[in-house]
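In: fold the following, please.
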Amino acid sequence: MGKKINAMKQKVGKDKHYTLEEAISLVKESSYAKFDETVDLAVNLGIDPRKSDQVVRGSVILPHGMGKKVRVLVFAKGEKEKEALEAGADFVGAEDLIERISKGWLDFDKAVATPDLMGAVGKLGKILGPRGLMPNPKIGTVTFDISRAIKEIKAGKVEYKAEKAGIVHVPIGKVSFDTQKLIENAKTLVDSILKAKPATSKGRYLKKISVSSTMGPGIRIDISSLGKGV
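Out: I've put the predicted structure just below:
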């Protein structure tokens, strides 16, 4: 496997750029792991994330999902608890779940909360925040429209946020996906990131985009191949 990976790295090359279709085809070709690797898109942005008015954060529903079952936890009471269960939530509760999580239980992938419970849920900030699990109104996970939030997450909604270096890392599917499905997921994500461009961001916004599998090398994408608006 080591020889195959090194050969693929040499084939890709640091200075080579590919169309999105070529890059994703190479990612699929370079996958040698025994498991179904995740395909990630890395987008380097021309922003200064240290400035509060240049934070890039959002969410988007990928048209072909992520290829895995997402376990959704919902903080809700009464009628909203019933609504969450009917919408397909995997775990629903309030104080009981808060206590469980405070003791170290984290067997879920996404969390949603009704606004009236955020005062109590906020106590879990130090646990959920660093793991990207804290409900947030900016990405639609603090809402009274519980049913819609759950259905969107189950349908393939992903969240993104630029890191300190101004880079956004987002999974767009699995290596086993058809090439066209990965392309459409990637384009949908890039469109969302473009729409999230801060008004104060000057100069070139999309500086570099690359795609890779869990175990594979990063493959540079020719940004102009993504179409208009980039």
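In: does residue 211 belong to a helix, a strand or coil?
Out: Under DSSP: H, G, I helix; E, B strand; the rest coil, residue 211 falls in the strand class.
In: shouldn't it be in contact with residue 24?
Out: Yes. Between residue 211 and residue 24 there is a contact under CB atoms under 8 Å: 6.2 Å. Heads up, the C-betas are built off the backbone N, CA and C, glycines and all.
In: low-scoring stretches of this protein, by residue?
Out: The chain contains residues with pLDDT under 70 at 1-14, 228-230.
In: any idea how this protein splits into domains?
Out: Following the assignment in automatic domain parsing, the chain carries domains at 15-66+157-225, 72-154.
In: reformat those as JSON lines; add mean neighbour count.
Out: As requested, the domains of the chain are exported to JSON lines (neighbours: other CB atoms under 10 Å):
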{"stretch": "domain 15-66+157-225", "mean neighbour count": "18"}
{"stretch": "domain 72-154", "mean neighbour count": "17"}
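In: that older thread, hey, what's in contact with both of residue 211 and residue 24?
Out: Common contacts of residue 211 and residue 24, defined by CB atoms under 8 Å, 6 or more residues apart in numbering, comprise 39, 186.
In: can you list contacts of stretch 75-93?
Out: For stretch 75-93, the external contacting residues (CB under 8 Å, 6+ apart) are 71-74, 94, 97-98, 108, 111-114, 116-117, 120-121, 135, 144, 146-147, 150-151, 154.
In: ok, 6 Å please
Out: 71-74, 94, 108, 113-114, 117, 121, 146-147, 150 (CB atoms under 6 Å, 6 or more residues apart in numbering).
In: residue 184: what's it in contact with?
Out: Residue 184 makes contacts with residue 63, as judged by CB under 6 Å, 6+ apart.
In: distance of residue 153 relative to residue 208?
Out: 29 Å (CB to CB, to the nearest Å).
In: make that residue 202, sorry
Out: 17 Å.
In: got it, and residue 130?
Out: From residue 130 to residue 208 the distance is 26 Å (CB to CB).
In: just residue 72 next, same as before
Out: Between residue 72 and residue 208 the distance is 33 Å, computed by CB to CB.
In: same check, this time on residue 145
Out: Counting by CB to CB, the gap from residue 145 to residue 208 is 37 Å.
In: let me know whether residue 108 touches residue 69 as I believe.
Out: No. With contact defined as CB atoms under 6 Å, residue 108 does not reach residue 69; the gap is 11.3 Å.
In: tell me where this protein has helices.
Out: Secondary structure of the chain (DSSP state H): helices located at 2-12, 20-29, 78-86, 95-102, 118-121, 125-128, 146-155, 179-195.
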